[in-house]
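Colleague: dropping the sequence and predicted coords here.
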Amino acid sequence: MLPRRTTAKKDQARRSNPARLGFLLIFSLCIIFFGLEAVEYFLSFRRTPVLIQASVDTPTRTVPEDTEQKTDINRATAAQLQAVPGIGPELAERILTQRAILGGFHFLEEVGDVPGIGEKRLNAIRQFFFCGPPEP
């Protein structure tokens, strides 16, 4: 049996296919990587309008009138937090840590982001707190 004859075109095509495949693979990975980075970037701004709105509203914000018996969540100490039914020492520390990270709560609903506080517990403790302007 005679060896197959190859022409220069076939030989060049045979050599360029792996190169073309490698290029397409690298190109595809770059597109996927930068696509995921773009999605992550845009998702990181998901809450920014709320925070911008809160910072704009903070100077003109008034404290609700029925706050005589309520405690300001931005100024509450660990002991005041623990006095509320359903909040123990560990949860009080988590609330204080989250408050320090955020620089203060802008809305009472942000307390729901603390691990261990779900919607039920947030609704239960809502009657004990109000959200005044965050401390500078």
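Modeller: Happy to help now that I have it. Numbering: from 1, shown residues only.

Colleague: let me see the domain layout of this protein.
Modeller: 9-46, 63-130 (automatic domain parsing).

Colleague: longest helix of this structure?
Modeller: Secondary structure of the chain per DSSP state H: the longest helix is helix 8-43.

Colleague: and among the domains of the chain, the most buried is which?
Modeller: Among the domains of the chain, domain 63-130 has the highest mean neighbour count (mean count of other Cβ atoms under 10 Å), at a mean of 15. Bear in mind the C-beta positions are built from the backbone N, C-alpha and C, glycine included.

Colleague: ok so, going back, what mean pLDDT does the longest helix of the chain get?
Modeller: Helix 8-43 comes out with an average pLDDT of 76.

Colleague: and the lowest mean pLDDT element among the helices and strands of the chain?
Modeller: helix 48-57 (a mean of 46; mean pLDDT, DSSP states H and E).

Colleague: if we look at the helix or strand following it, which residues are touching it?
Modeller: Sequence order places strand 71-72 as the next helix or strand after helix 48-57, per DSSP states H and E. Here strand 71-72 makes contact (Cβ atoms under 8 Å, 6 or more residues apart in numbering) with 63, 80, 128-132.

Colleague: likewise for stretch 110-121?
Modeller: Contacts for stretch 110-121 (Cβ under 8 Å, 6+ apart): 73, 86, 90-91, 94-95, 98, 102, 105, 122, 125, 129, 131.
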